[in-house]
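[1] Just to be clear, the model below is a prediction. Sequence and coordinates:
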Amino acid sequence: MGGNLNLYHFKTGVLREILETPYRIHLEEGLRVVASEFSLNSELLATALDDKTIRLWDPKTEAFQATLAGCLENPRLISISLNGKHLASSSRDKIQIWDLCTGNLSRTFNGHSDRNIVIQFSPVDQLLALGSIDTTILLWDPETDKSFALEGHEQGFRR
C-alpha cells in the first residue's frame, strides 16, 4: 500500500488501478485517508483526511480538483448525492453539507446523541439518512432543515 489508493472491481475483487502520487504526498506529511466515496457517474472521488479536510479528485486522470476546508472535526463518513451536487460529511455528532459546484459549506446540523455510523443520501436526493450506535435512524431534509427519527431498533448500527 504505502500511500497508494487501490481501486478494485467490486464484483471480481481484481485490482484495476493504483492512484499513487497525490496520496503519497499527503501521507508523507502524516495525513491519513479515513473515508472515500465515488460519485454515481464515477467522475469524482472524494477522500476525507484526518486534517479536517475533504479532497476532491478526478479518478480517471488522478488530478486533484479541490479541497473542502472547514470541517468542524475530522470527517469520519462522507456521501455524495446521486445528482453529484452535494456531499455530506459526518464527524462524531455533526453533519455538514457541501455544495460541490462551489466548494462551499452549505449547512451544518447536529446528528445523533452518539456517534454517526452510516450516512447516505436517498435515491432522489430528498433525504439524508444517518444511522448511529444510539439505535436510531435520523432522516433529514437538507432543503427544509426538518428531521425525524426512526426508533425501535434493538441494537445500534455498526460499520
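    That came through, no problem.
[2] so how far is Gly131 from Leu100?
    23 Å (C-beta to C-beta, to the nearest Å). Heads up, the C-betas are built off the backbone N, CA and C, glycines and all.
[3] typo on my end, Lys94
    Counting by C-beta to C-beta, the gap from Lys94 to Gly131 is 15 Å.
[4] Ok, Ala66 next?
    28 Å.
[5] go on, Pro59?
    27 Å.
[6] any idea which helix or strand of the protein has the worst average confidence?
    helix 21-28 (a mean of 44; mean pLDDT, DSSP states H and E).
[7] so what does the following helix or strand past that one touch, helix or strand wise?
    Scanning forward in sequence from helix 21-28 by DSSP states H and E, the next helix or strand is strand 33-38. Secondary-structure packing of strand 33-38 (3 or more C-beta pairs under 8 Å, 6 or more residues apart in numbering; DSSP states H and E): strand 45-49, strand 77-80.
[8] Out of those, the one nearest Gly70 is which?
    When these are compared by C-beta to C-beta, strand 45-49 sits nearest Gly70, at 13.0 Å.
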